[in-house]
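Peer 1: Let's see this in three dimensions:
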Amino acid sequence: MQRPHIPPEKVLQHFLGVSRALAGLLDFQSMINAVSHEVRYILPHDHIDVSLLLLDGENHLHAYETGVLTAWSEFVDHPLPIALSPIRTVLQGSEPFILTDNAMTDERFQFSGAFNQPIFDAQLRSRLHVPLRACGEIIGALSCSKHSANCYTLGDVQYTQHVADLLASYLYALRQTDQAKKLAIAKERIVAREEGLRLGALRLTEELENERQRIGMDLHDQTLADMTRLHRRLARLQTTDAGVAGELALITEALHDSMRELRLIIDAVKPTVLQLFGFEEGLEDLLLRSVRNSGLAIETHLYDHTDGQANRLAEPQKVALFRIIQEAVNNAITHASPSTIDVMIHGSQQHLELTILDDGLGLDVKDLLKTGGIRNMQIRARLLGANVHIDRGPGNKGTRVKIRMPFGSAPLEQP
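Peer 2: Numbers count the residues shown, from 1 in each chain. Below you'll find the model as predicted:
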């Protein structure tokens, strides 16, 4: 089909018009609409689309179109593998362009699995496809189509490539910006989801802590009281029935041991001093009780260099930190045979840092990390948005446990 000759200056005017039309446009659809309006005089078309390769590492593409709308628009929400695109040879760089008088009969568009149904649905016969290149790579393709056959020539290929070259850098920047936005949104969603899970887990931890304390009080008020009465009755029987005194003595001693273990459990699940008097006092009580119950001669020291900064944490955070320190102190007493255990608290406007340091035998950190207690410490720390680091102490002696928590990760109580 013969088209009117367009003077070179008119062609140049429309090419410049493409650049002007793109100014200030920040989305693909507005861009393709503006380009279609400007190039219709030099490239008659019923349909224009831009196919852009995704930065997903999986060879998929999005398509944006104007004029006749087809199923190719679905690529925006459901990316198409390049291998199924009717213009895969241009996208893969194996052909410099595709020019066809009738795509409905052209075998190049008829390969097995090709997503070519829109060609037939919209009757896009004359088709012209050229690559979009930026930074030395093909980032997509520009396509023009007409319903009638035999519309485009090799001269049109040159015009279309010029338009594609004008668009490529703009599309490259727009694609990078769009990808960055999507990554930022995805990251925000992940952070929000993780924060929601963390806060939910903290609330669950608080409820579990309350339940532990309720059980501790029930054990103290009922079970331990019953065991105490049984212990006293057994003691009285020992004095009245000499024949079974020896056997009763063994039962009495076993019951006494059970009562002692039960008291330790009650003490462990109910940090009353922490709740009544604050974080520092709770830690001092923990150190004294842990050493007293162990029967070992261990010196303990607590150094708070924050002027009670930890007391500003909400109750669930204080209890979680208390439990982490409790586990670290118990590990040192049980496994390391130390002569001293120091707990140090440092802080800034952004972070709270607690260090538990002992001068014991030193623990094998790899083996230690396999234990359930250490995993519990790490889980509690993650719920606080904190991290736990375990290594050797100064001079490669003893064990050092560091807990570092950003203040922004946990709500603070109002002073």
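Peer 1: Would you map the helices across the stretch 201-350 of the chain?
Peer 2: Ranges of helices in the stretch 201-350 of the chain, per DSSP state H, counting those that start in this stretch, are 224-240, 245-269, 272-277, 279-294, 315-331.
Peer 1: closest one to Leu302 among those helices?
Peer 2: Closest approach to Leu302 among the helices of the stretch 201-350 of the chain is made by helix 279-294 (5.5 Å; Cβ to Cβ). C-beta here means a position set from N, CA and C on the backbone, and glycine is covered the same way.
Peer 1: What residues of the closest one count as buried?
Peer 2: Within helix 279-294, the residues scored as buried using 16 or more other Cβ atoms under 10 Å are 279-280, 282-287, 289-291.
Peer 1: swap in stretch 140-157?
Peer 2: 140-146, 149, 151-152, 156-157.
Peer 1: circling back to that earlier point, save the helices of the stretch 201-350 of the chain as TSV, and put in mean pLDDT and distance to Val50 too.
Peer 2: Formatted as TSV, the helices of the stretch 201-350 of the chain follow (pLDDT from 0 to 100; distance: least, Cβ to Cβ, whole Å):
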stretch	mean pLDDT	distance to Val50
helix 224-240	72	77
helix 245-269	70	65
helix 272-277	70	63
helix 279-294	86	61
helix 315-331	86	52
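Peer 1: most neighbours per residue, which of those?
Peer 2: Comparing the helices of the stretch 201-350 of the chain by mean neighbour count (mean count of other Cβ atoms under 10 Å), helix 315-331 comes out on top with a mean of 22.
Peer 1: which stretches of the stretch 1-150 of the chain form helices?
Peer 2: 8-22, 28-39, 88-91, 117-121.
Peer 1: Quick one: closest of the ones you listed to Thr340.
Peer 2: Per Cβ to Cβ, nearest to Thr340 of the helices of the stretch 1-150 of the chain: helix 28-39, 66.6 Å.
Peer 1: Quick check, central residue of this structure?
Peer 2: When Cα atoms, centre = their mean is applied to the chain, the residue found nearest the centroid is Ile190 (4.8 Å).
Peer 1: Gln158 versus that one, what's the distance?
Peer 2: With distances taken as Cβ to Cβ, to the nearest Å, Ile190 is found 47 Å from Gln158.
Peer 1: and Ala381, how many neighbours does it have?
Peer 2: Other residues near Ala381 come to 19 when the count uses other Cβ atoms under 10 Å.
Peer 1: re earlier: among the helices of the stretch 1-150 of the chain, which comes closest to Ile98?
Peer 2: helix 88-91 (5.7 Å).
Peer 1: re earlier: can you put the helices of the stretch 201-350 of the chain in a markdown table and add distance to Ile374?
Peer 2: Listed next are the helices of the stretch 201-350 of the chain as a markdown table, based on distance: least, Cβ to Cβ, whole Å:
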| stretch | distance to Ile374 |
| --- | --- |
| helix 224-240 | 30 |
| helix 245-269 | 17 |
| helix 272-277 | 22 |
| helix 279-294 | 17 |
| helix 315-331 | 8 |
